[in-house]
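[1] I would like the atomic coordinates for the input below:
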Amino acid sequence: MPGPAPLLLRRSSSINRSVGGEAGGSGLGGLPPLAPSAGSSIVDPNDIIPVEDADPDDSALSMSTHKRKTSGIPLDVEQIVNRSTEMEMSLGQIADSGDEEEGEHPLGGELVMDSMPEFDEMFCNEQGRGGSSRFFTASTSDFKNMFTSRRMSFLAVLAMLVTFFAFKQPPKAAEEVAATTMDRPMDSKGVQYGEEHMEVVGAPKEAHVHEYNKILFFDSPDKMKPMHSKGPVLFNSDIAGLYLFENVCLTNNVDALRYRPMETTLRGLIYFTDDKKMNDNSKRCVPCSNNQAMETWDETYADASIVGHKCGMNGLHAMYASSVGDWTSCIKQEENTQLMTQWGQTQSPTAVETIHFFKEPTFLLQFNALDMETSLFDMLMTYLPHWDQFRHEWDFPYEAVISHSLQGCLSHSHNWFCEVLHQMNAFGPAKEIPWEPDESTLYCFEELFYNQVGYQRELDHEGLVTRDILGDFREILFRKFALPRRRTVEDRKEEAAALSKGEEADDDTKIIFYDNKLSQLTKWNEMEALIEKARSLEKYQSIKFGTVDDFSRLTVAEQARTFNEADAIIMVHGEHMANAIFAVDGTKFVEVGCEVSSLIGNPRFMELFDGEYRAVKKCKGDEGTNVCVKCEGNGDGNSAFTMTPAAFEKMVDDVVKSLKG
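    Below you'll find the predicted structure:
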């Protein structure tokens with residue numbers, strides 16, 4: 001039985017473009033006539049897209065290699081049809097390969113191809129004819145076999161699968177996890193901070209370690225790698241007071257706020273060691289009491305014989321352990337808990353559940369937030385020489401600051417000491433790390449800088465706080481707070497000489513008084529009556545007497561201006577005297593009380609800015625003409641007091657005389 005008619009694809013030597021498909025002349029004679037404005041020449045389309053003759057040895061030729069230029073069907077649709085046709089032809093070849101002879105076409109005829117057919121020549125129009133002289137001859141049954149229902153179903157299913165996977169969206173859980181890495185959550189539990197990791201199916205979230213902003217978050221002490229502590233080492237051997245520790249943790253003394261007076265400077269430091277003798281010590285985790293000053297880490301103190309280890313240094317009490325879990329178990333022992341309570345050294349957290357480990361160098365800011373004078377001398381006088389060096393080189397060795405004394409201390413603050421730190425830019429570009437109020441979280445540090453509390457309280461380490469260092473520090477504050485009077489005597493004389501239009505400088509002496517009358521403790525009774533009487537005296541007509549009602553109601557800037565405008569300060573003793581740093585050079589200070597214990601009265605401090613200090617205390621026996629006060633009650637430092645008019649007048653005379661001398 002004869003096979004189907006052969007499939008012929010041949011390039012015609014003449015192109016017929018006449019309507020109805022009738023044969024035309026050879027060459028370009030069959031093309032429609034030129035439009036009037038079309039130009040004088042026509043290019044043969046066969047010359048635009050050259051097509052090489054098919055290789056006679058190729059069994060098939062992909063029609064997808066021919067890019068259409070003339071068809072009105074969009075190129076992407078045509079490519080889909082071409083690919084489907086190619087697939088059908090390939091499938092036909094595979095299906096019939098067992099029956100056909102070599103050289104036969106899969107559809108039963110010989111494939112003869114001189115050139116690629118046009119799209120409209122392959123698929124006939126409604127009349128069953130193509131639009132050109134080139135034609136595709138095949139039997140109707142062969143053509144229908146290319147698109148059987150089974151093959152079309154296969155293609156439809158394949159297309160649906162491709163579409164489904166191409167437009168499939170990520171699961172909602174993945175979106176939520178991705179969103180959490182963009183913002184820092186409220187806590188660390190169950191949250192991944194930008195670090196990819198493989199999650200074990202069924203493992204609890206506590207099994208993972210998260211990291212955010214150079215902080216490792218351990219949701220279980222067991223997941224923390226063993227640490228070995230180092231230090232303390234002096235950061236600068238030429239300037240003492242600033243120490244560096246490595247791989248240590250900090251705790252808070254929860255009994256400190258019950259002290260009288262209250263304290264906010266006490267911390268515990270967990271020092272990790274693998275020393276067997278130390279780890280066998282049952283009291284290794286107990287800090288020494290706070291009954292004595294501890295100036296150096298290596299010195300032996302009385303409590304060391306009880307706890308069996310070094311006590312630490314002022315503000316930082318040492319505790320030893322092999323790991324965080326070991327420390328937690330140790331402090332829970334009843335004997336240790338009782339001893340810590342007895343010494344007022346109960347530490348927090350008592351049960352560690354999570355750990356924040358800071359990888360970047362961190363400065364531990366400790367100061368007494370309840371007393372600005374103590375803060376000035378216990379913390380700042382130790383830190384000033386280091387700050388002076390760091391700021392000149394603009395090379396602060398730490399990237400973060402953490403403080404449990406007071407939160408938000410590096411920004412604008414109502415706290416006097418924090419505002420001073422902010423205005424002087426005490427820590428350069430370092431950022432403040434908040435200490436979260438979490439009783440189960442332990443804070444640990446890869447590198448911890450500790451400014452020893454109280455190291456320069458008495459300024460007895462000479463050569464550290466110099467006249468130039470303190471002067472530069474005060475000069476910055478004068479500018480930052482826009483204080484009206486220049487700092488040095490020379491600057492004030494130069495400013496007065498430069499006044500224009502013949503204006504005269506105000507030569508009146510200003511004395512500022514403060515009686516602390518709103519206090520329930522130390523106060524100066526009847527001070528205002530003494531001032532009113534003094535104003536009526538002829539010798540004091542060039543004296544301006546000013547008073548302060550309540551320092552607690554004044555902003556830091558207002559307190560600074562009050563001291564800056566005064567030539568002399570006569571006040572009840574107290575922390576407000578720390579404002580002496582805002583006073584001009586040569587100011588006279590008089591501190592009044594039954595018992596006066598002052599830090600600004602240190603002769604070394606007064607010498608740094610040519611100040612003069614005097615303390616007026618309670619009278620002993622007959623006061624006579626002595627400048628003293630009469631105390632009420634038991635006469636201790638918190639007692640109220642009065643002063644006789646004669647003693648008051650004598651005190652003012654002495655101040656005026658010293659100002660003129």
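
[2] for the residue nearest to Glu419 when sequence neighbours are not counted, give me its contacts.
    Sequence neighbours aside, Val556 is the residue nearest to Glu419 in space, at 4.3 Å (criterion: Cβ to Cβ, 6 or more residues apart in numbering). C-beta here means a position set from N, CA and C on the backbone, and glycine is covered the same way. By Cβ atoms under 8 Å, 6 or more residues apart in numbering, the contact list for Val556 reads 414, 416, 419-420, 481.

[3] export these as a markdown table, with columns for distance to Met651, neighbour count and pLDDT.
    A markdown table is the format used below for the contacts of Val556 (distance: Cβ to Cβ, whole Å; neighbours: other Cβ atoms under 10 Å; pLDDT from 0 to 100):
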| residue | distance to Met651 | neighbour count | pLDDT |
| --- | --- | --- | --- |
| His414 | 33 | 8 | 87 |
| Trp416 | 27 | 24 | 95 |
| Glu419 | 32 | 23 | 95 |
| Val420 | 30 | 24 | 96 |
| Phe481 | 29 | 19 | 96 |
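
[4] could you measure from Glu436 over to His356?
    8 Å (Cβ to Cβ, to the nearest Å).

[5] between these two, which is the more surrounded one?
    His356 (21 against 12; other Cβ atoms under 10 Å).

[6] mind checking what helix or strand follows whichever strand or helix holds that one in sequence?
    His356 belongs to strand 354-358 when assigned by DSSP states H and E. Per DSSP H and E, the first helix or strand lying C-terminal to strand 354-358 is strand 362-364.

[7] which outside residues touch that next one?
    Outside strand 362-364, the residues that touch it by Cβ under 8 Å, 6+ apart are 250, 267, 398-403, 427, 430, 433, 445, 447-451.

[8] what about 7 Å?
    Counting contacts by Cβ atoms under 7 Å, 6 or more residues apart in numbering, the residues outside strand 362-364 that touch it are 398, 400-402, 427, 430, 433, 445, 447-450.

[9] again, but for stretch 455-463
    240-241, 377-378, 381-382, 464-465, 602, 604-605.

[10] mind doing that once more with 6 Å?
    241, 377-378, 381-382, 602, 604 (Cβ atoms under 6 Å, 6 or more residues apart in numbering).

[11] now, those that are in helices?
    Of those, the ones assigned to helices by DSSP state H are 381-382, 604.

[12] among those residues, name the buried ones.
    381-382 (16 or more other Cβ atoms under 10 Å).

[13] how about the ones in helices among the contacts of stretch 455-463 in CSV, adding distance to Phe390 and pLDDT?
    Shown next, in CSV, are the ones in helices among the contacts of stretch 455-463 (distance: Cβ to Cβ, whole Å; pLDDT from 0 to 100):
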residue, distance to Phe390, pLDDT
Met381, 16, 97
Thr382, 14, 96
Arg604, 23, 95
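
[14] about what we covered before: tell me the strands beside the strand holding His356, with direction?
    strand 215-218 (antiparallel), strand 441-451 (parallel) (DSSP bridges).

[15] any weak-confidence spans in this structure?
    1-149, 165-209, 259-262, 495-507, 622-625 (pLDDT under 70).

[16] quick one, longest strand in it?
    Criterion DSSP state E: the longest strand present in the chain is strand 239-253.

[17] that one - contacts with which helices or strands?
    The contact analysis (3 or more Cβ pairs under 6 Å, 6 or more residues apart in numbering; DSSP states H and E) places strand 239-253 against strand 230-236, strand 267-272, helix 381-393, strand 441-451.
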